[in-house]
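> I would like to see how this sequence folds:
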Amino acid sequence: MEKALYYMFKDNLIKQKMLSYFLLVFVTNACFMFGAYYLTLIKANPSLITYSMGFILAGLILAFPAAGYYMSCIKSIMTQDENIVLPTIHLGKNFVFGFKYFLTVLLFALCFVLVYSFFAVLLIFLFKYTNLSLIVSLMSIFLILLMLVFLFFIWVISLALLAIFAKTEFYTSLFRYPLAIKLIKNNPGNYFISFLLYVAVAIFMGIINSFLNIFIINKVLLLFGVILISAVASYFIFVTAYIVAKSVDSKLIEIKTDEL
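Okay, here's the model as predicted:
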């Protein structure tokens with residue numbers, strides 16, 4: 001997995017690809033951060049809400065091709081072993097791929113919320129209209145614990161689910177738990193090393209992102225912070241794409257998906 005840190009430099013066009021992604025991420029982050037900046041000034045000048053919402057909306061739209069390119073990198077790396085050639089940015093195709101990913105996550109979140117809400121309403125009904133308060137309280141605790149266990153389970157197999165989506169582009173990818181478990185069982189050592197590396201990079205990126213809160217007090221500092229985080233992201237996007245792509249055997253995704 002150490003190849004994740006340097007494999008991209010074997011691509012002769014990596015400078016252009018990194019620069020292109022940097023510009024995309026920079027503009028996306030700038031929209032979000034300036035939207036947040038104007039949001040802090042709304043109390044003094046309520047009319048700034050238009051600027052704030054406009055920047056945030058622009059950031060959301062630009063986030064789709066940024067996410068789509070990330071998925072394209074994962075999908076491309078899966079099919080290559082040595083001297084990996086990364087895809088170039090294509091805003092149209094990347095936007096569609098990113099939007100598909102957004103809808104897939106939204107579908108998963110909606111199903112999870114609906115199921116949890118159903119049980120929550122059921123418990124409230126039982127608590128209000130029956131004399132089973134102790135049993136209902138225990139059931140409530142059990143439901144919360146079950147939800148936490150399920151979220152932890154999804155978190156652990158998230159790399160496999162992400163790889164399945166990148167390979168298949170199916171909207172139901174985040175529900176393919178049996179396939180994800182089979183992929184992990186095929187090489188559990190490699191998967192969990194990949195998972196730990198991915199978590200470490202995510203924590204590092206989270207720390208870098210947290211520094212943007214320091215820069216939000218001033219436009220010049222904010223611009224510097226956005227440049228910094230965008231530069232870091234334009235490198236680690238390729239690192240994490242490799243980690244996800246190589247965390248499972250992508251050939252098995254094709255075979256298992258065809259069987260489903």
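
> what residues are up against the closest residue to Val85 other than its chain neighbours?
Distance criterion CB to CB, 6 or more residues apart in numbering; nearest residue to Val85, sequence neighbours excluded, is Asp11 at 5.4 Å. Heads up, the C-betas are built off the backbone N, CA and C, glycines and all. By CB atoms under 8 Å, 6 or more residues apart in numbering, the residues touching Asp11 are 17, 83-86.

> The protein: helices as residue ranges?
For the chain, the helices defined by DSSP state H cover 14-39, 49-78, 91-129, 133-156, 158-168, 177-186, 188-210, 212-215, 219-245, 250-259.

> Looking at the contacts of Asp11, which one is closest to Ala63?
Proximity of the contacts of Asp11 to Ala63, judged by CB to CB, is greatest for Lys17, which lies at 18.7 Å.

> Am I right that the closest one is in contact with Thr88?
Yes. The pair Lys17 / Thr88 is scored as a contact, 6.2 Å apart, by CB atoms under 8 Å.

> if you count what's nearby, which of the two comes out ahead?
Lys17 (21 against 13; other CB atoms under 10 Å).

> quick one: contacts for that one?
11, 86, 88-89.

> Which two of those have the greatest separation?
Across these, no pair lies farther apart than Asp11 and Ile89, at 13.4 Å, counting by CB to CB.

> Relative to Leu110, how far out is Leu161?
Shown here: Leu161 relative to Leu110, a distance of 16 Å by CB to CB, to the nearest Å.

> Find the residue closest to the most centrally placed residue in the chain in space, skipping its chain neighbours.
Nearest to the geometric centre of the chain sits Ala67, at 7.8 Å (CA atoms, centre = their mean). Leaving aside its sequence neighbours, Ala67 sits nearest to Gly98 (CB to CB, 6+ apart; 3.8 Å).

> wait, isn't the one you found in contact with Ile61?
No. Between Gly98 and Ile61 there is no contact under CB under 8 Å: 10.0 Å.

> For the two, indicate the residue with more neighbours.
Gly98 (22 against 14).

> Could you tell me how many residues sit around Tyr242?
Around Tyr242 there are 25 residues (other CB under 10 Å).

> Tell me who's in contact with Lys10.
Contacts of Lys10 were listed using CB under 8 Å, 6+ apart, and they are 83-84.

> Tell me how far it lies from Lys3.
Separation of Lys10 from Lys3 (CB to CB): 10 Å.
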